[in-house]
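Student: Next come a sequence and a model predicted from it.
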Amino acid sequence: MYRITKEFAFSASHQLKDLPPEHQCGRLPGHNYVVVVELASAELNAHGFVRDYHELAPLKRYIDDELDHRHLNDVLGDDMVTAERLAKHLYDWCAAHWPETAAVRVSETPKTWAEYRP
């Protein structure tokens with residue numbers, strides 16, 4: 001199986017409203033998110049790619065236009081926007097565009113990652 005990944009970044013806020021008030025994520029944190037999309041295929045295309053990285057530009061536009069410097073609760077219409085749920089949201093978006101989508105990882109901090117992989 002061939003696998004490629006590409007990394008994207010954006011800044012946004014979110015709030016986990018069902019947490020106790022003393023929990024830090026119950027407040028309004030902002031993060032510098034890092035997103036890694038992974039595509040996989042048993043075969044390469046005629047150019048020797050799983051998919052040309054340039055073809056992933058629509059994901060950058062989606063992130064820049066819809067997620068960057070936004071409040072993710074408003075964007076996703078959810079009061080519990082966790083990194084896990086964001087990874088699933090982005091996985092679904094990517095899978096609708098590229099059938100080779102295998103996983104999406106989301107980092108809120110340099111030491112934490114969530115991944116959605118069906």
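Tutor: Done, it's in. In this text the structure is predicted, and so the values were computed from the model without any measurement.
Student: Okay, strands next: where are they in this protein?
Tutor: Counting by DSSP state E, the chain has strands at residues 2-13, 30-41, 101-109, 112-116.
Student: elements contacting the second one?
Tutor: Looking back up the chat, that one is strand 30-41. strand 2-13, helix 83-97, strand 101-109 (3 or more CB pairs under 8 Å, 6 or more residues apart in numbering; DSSP states H and E). Quick note: C-beta positions are derived from backbone N, CA and C, even for glycine.
Student: can you put the ones you listed in CSV and add distance to residue 28?
Tutor: Shown next, in CSV, are the helices and strands packed on strand 30-41 (distance: least, CB to CB, whole Å):
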stretch, distance to residue 28
strand 2-13, 6
helix 83-97, 16
strand 101-109, 14
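Student: if you compare the ones you listed, which one is most tucked away?
Tutor: Of these, the one with the most neighbours on average (mean count of other CB atoms under 10 Å) is strand 101-109, at a mean of 20.
Student: Show me what that one is packed up against.
Tutor: Going by 3+ CB pairs under 8 Å, 6+ apart, strand 101-109 lies up against strand 30-41, helix 83-97, strand 112-116.
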